[in-house]
Structures are given as structure tokens and as C-alpha cells.
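[1] got a structure for you, letters missing:
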């Protein structure tokens, strides 16, 4: 579909690029010649991902241990890239956190654990990169990963739905404000593309993948190459007139079926407790691998998926 050297000579930062959708997009960009910078809180995970990308595609892949909730740390990371490697050409805002919970059960720390990554962290990273592009008179492309909940809302993931809606508004706002500088801002709202981390926290007791496939108008769930292809298309310099768009990548699922997680409306206390225990068990392993960042939430609230 793409020229093999489409991104040759270009640098792209992917937040949360060590796993899941972030890695899928990084893999496609590396295959098309991009120099990649992956950031997240778990340096061993990032380094393993970088090694896989180098082995598969060659090229330069750098890793950066940073908690994007820390604005000063984000700015320092971006400055270090500028100084050591040169200006970025693209930014993929992929880092996120999420888990299912009855909204009445959320603690303030649980809410902030998600919103501080998705809402604040996405802004910190976008601003750190964008202000340098403007200062240096350089064009650039920002791609943010949101969700179809920006149109439908969604029960049991209210902090994520609220935060992703804010990122969608940021995308539209900066597309107008920064377009004069040659900076484009777009977003992808993916449907269900199965990843291990998200599945463990959003569908911890019932994956329902066969049923979800059957409900989708295309008869299947998403694949990593689906989001990799669209990310490359939107970041490509040749698409300099695509700006301010949020594109659903879900086979038409949100049009056919609306909001996610409605099946949990029938859950009682026992089901929610079982889900919480599974989420906490998964998070314990992820937390042990983190290189930077404080705990996500208090002991009474399950923390979100990691940034990388």
C-alpha cells in the first residue's frame, strides 16, 4: 500500500509505544523507514519492543522512560530528542490508562489515574512538541488515539470517555490554531483491536470475542495492521490537507451497536468484585516492571493499564 521509504529521514515519537496499539503503529512506521522514539514508564518493555523493531526492520529506535503525567519530565524528554537526534516530524499520542468500574465506586485517585495520563499527559506531550515546531518554523503532524466513545459515551469507563472527548476537542482546536504553522492534528477512534493489556482490564471475566465479531458489520474484530496502516496514512507528509479529523476505525461497529460495555449493566456485587480482583492481579505484574512513576491509585481502587 505504501512506498517502502515513505518515512525515510523522519523522526516519530510514539507514547506508550512498547505494547498494544502503540507497538502496532510503531511497527508499520519502522517498516516504512521512520526513526522511532518510544516512551513509557516501563523501560524493559520499551527496550524489548525496540529490539524487536530493529531486528525486523533495521533503522534507529530509541527508548525514553518517562511518566507523561509529569509535564517537566515530558518537556525534558522532548528537548533531549531535539538535542541528541534532531527535531521530530511526527507525534503519536497513544499512551492511555483504563479499567472498568462502576462510577459510584471510583475514588478520586482512581479517576486521576486515568485522566492524568489521557487528558493531561496527551496535552503535555503535544504542547512540548508543538511549541518547538512553531519556534523552529517546522511543519509537523500530531496523531492522537481516542475512542468511538467520544460520540456515544460509554458506561463504566467514564474517566476515559471524558478524557478522550477532551483529546478529540484538542485535536479540532489545534488543527485550526496551528494549521497556519504547517502543523496538522488528527485522531483515530479505533474499535476493538484485541490487545492483552486492554482485554485484561476492560473485559476481565468475559472476552466475548466471537460474539463481538458477529455483531460487527464486517464480521471481524480489528487487527494491528489496520491501525498501523491508517496511522501511516494520516502522518504522511503527502496528506498535508487532512487536518482536524477524527476517523473511526471499527468496521462500522459504533454505528451498528453504539456504546460499549452495556453487558455489564446486569452485573451485581459479586461480578464486580471478581473483575476487580483480576484487574488488580494483572496490574501487580505490570507495576513491578515500571521504571518511573508513582503508584496509580490507592489500595481501594484498581489502577489503569500502563503507558507502555
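    Nice, I can see it. Predicted, not measured: the structure shown is a model, and the values here were computed from it.
[2] Quick check: the closest residue in space to residue 114 that isn't next to it in sequence vs residue 150, distance?
    Residue nearest to residue 114 in three dimensions, not counting chain neighbours: residue 159, with 4.0 Å by CB to CB, 6 or more residues apart in numbering. The C-beta positions use only the backbone N, C-alpha and C, and glycine is treated the same way. Distance, residue 159 to residue 150, using CB to CB, to the nearest Å: 14 Å.
[3] and residue 218, helix, strand or coil?
    The assignment at residue 218 comes out as coil when based on DSSP: H, G, I helix; E, B strand; the rest coil.
[4] How about residue 12?
    Reduced to three states by three-state DSSP, residue 12 is strand.
[5] Next, find the distance separating it from residue 139.
    14 Å.
[6] Likewise for residue 271?
    On the measure of CB to CB, residue 271 and residue 139 end up 50 Å apart.
[7] Sheet partners, orientation included, of the lengthiest strand in the chain?
    Longest strand in the chain, counting residues (DSSP state E): strand 183-190. Sheet pairing of strand 183-190 (DSSP bridges) gives strand 140-145 (parallel), strand 246-249 (parallel).
[8] residues making contact with the shortest one?
    Read it as strand 246-249. Contacts to strand 246-249, defined as CB atoms under 8 Å, 6 or more residues apart in numbering, come from residues 146, 148, 150, 168, 171-172, 186-191, 222, 226-227, 230, 234, 254.
[9] if you set the cut-off to 7 Å instead, what comes out?
    146, 148, 150, 168, 171, 187-191, 222, 226-227, 230, 254 (CB atoms under 7 Å, 6 or more residues apart in numbering).
[10] Next secondary structure after it?
    With elements assigned by DSSP states H and E, the helix or strand that comes after strand 246-249 is helix 253-257.
[11] So which other helices or strands are in contact with the next helix or strand after that next one?
    Next in sequence after helix 253-257, counting helices and strands by DSSP H and E, comes helix 269-288. Contacts defined by 3 or more CB pairs under 7 Å, 6 or more residues apart in numbering; DSSP states H and E place helix 269-288 against helix 196-202.
[12] Distance from the chain centre to the one helix or strand residue 22 maps to, please.
    Taking DSSP H and E as the definition, residue 22 sits inside helix 20-31. Taking the mean of its C-alpha atoms, helix 20-31 sits 12 Å from the chain's own mean (CA atoms, centre = their mean, to the nearest Å).
[13] Kindly report the same for stretch 1-20.
    Worked out by CA atoms, centre = their mean, stretch 1-20 lies 14 Å from the chain centre.
[14] Next, the distance between the ends of that stretch.
    Start-to-end span of stretch 1-20 (CA to CA, to the nearest Å) is 22 Å.
[15] Let's test this: mean pLDDT of it, rounded?
    Stretch 1-20 shows a mean pLDDT of 96.
[16] picking that back up, what helices or strands is the helix holding residue 22 leaning on?
    strand 11-15, strand 35-40, helix 43-57, helix 224-235.
[17] how big is the angle separating the last one from strand 11-15?
    With axes from the mean of the first three to the mean of the last three CA atoms, to 10 degrees as the basis, helix 224-235 and strand 11-15 are set at 130 degrees to each other.
[18] Identify all contacting residues around helix 224-235.
    Contacts made with helix 224-235 from outside it, assessed by CB under 7 Å, 6+ apart, are listed as 1-2, 6, 12, 21, 24-25, 27-29, 32, 90, 92, 141, 143, 186, 188, 190, 193, 239, 242, 247, 249.
[19] Please repeat the previous calculation with a cut-off of 6 Å.
    2, 21, 24-25, 28, 32, 90, 141, 143, 186, 188, 190, 249 (CB atoms under 6 Å, 6 or more residues apart in numbering).
[20] again, but for the first one
    Outside of strand 11-15, the residues that reach it under the criterion CB under 6 Å, 6+ apart are 22, 26, 29, 34-39, 68, 88-95, 125.
[21] I'd like to check the angle between that strand and helix 20-31, please.
    Using the same axes, to 10 degrees: strand 11-15 against helix 20-31 is 170 degrees.
[22] Run through the stretch 151-300 of the chain and note the low-pLDDT ranges.
    Under the criterion pLDDT under 70, the flagged ranges of the stretch 151-300 of the chain are 196-210, 285-291, 293-300.
[23] The same query, at a cut-off of 80, please.
    Counting by pLDDT under 80, the stretch 151-300 of the chain contains low-confidence residues at 195-212, 282-300.
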